[in-house]
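>>> here you go, sequence then predicted model.
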Amino acid sequence: MLEFLEAAPYWAIAPAVSLVSGTITEFTSNNAATTLVIPLLIQIAKTMHSHPLLLMVPGAIGAQFAFLLPTGTPSNIVGFTTGHIEIKDMLTTGIPLKVAGVLALTVLMPTLGARVFGTDKLVPNFQ
């Protein structure tokens, strides 16, 4: 079912992975979002014939980009309940932060991340 990902470029998949996990974490806890997406990302990486860390790391870090809603993290709730911060304030600040984080992950993971994690070579066999 995911065979179309075999030819998909990493530059298209990494931002999607970060955005999906970042969107899920706006409505659930960061740990729950990460626990949900990591097994899926391992299977997607196998389909793409790339190292799983190349998708797992952006997925896990992307789940930490909970800047948009009060339900994202406990610190968001604390700031929101003071009454000095409205949801529109969180959105206007959070959207640029989320975009910058996704762009940084998209650029750094296949370059610096591949070197750090030693994933610059394909793993020949996942079975």
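It's in.

>>> who does the helix or strand residue 17 falls within touch, helix- and strand-wise?
Using DSSP states H and E, residue 17 sits within helix 10-24. Judged by 3 or more CB pairs under 8 Å, 6 or more residues apart in numbering; DSSP states H and E, the packing partners of helix 10-24 are helix 30-48, helix 53-62, helix 87-108. In short, each C-beta sits where N, CA and C put it, glycine included.

>>> for that helix, buried residues please.
Applying a neighbour-count criterion of 16 or more other CB atoms under 10 Å, one finds 10, 13-24 buried in helix 10-24.

>>> now do that helix against helix 30-48, angle only.
Taking axes from the mean of the first three to the mean of the last three CA atoms, to 10 degrees, one finds helix 10-24 and helix 30-48 inclined to each other by 160 degrees.

>>> which other residues reach helix 10-24?
Helix 10-24 is touched from outside by 5, 33-34, 36-37, 41, 44, 48, 50, 54-55, 58-63, 65-66, 98, 101-103, 105-106, 109-110, with contacts defined as CB atoms under 8 Å, 6 or more residues apart in numbering.
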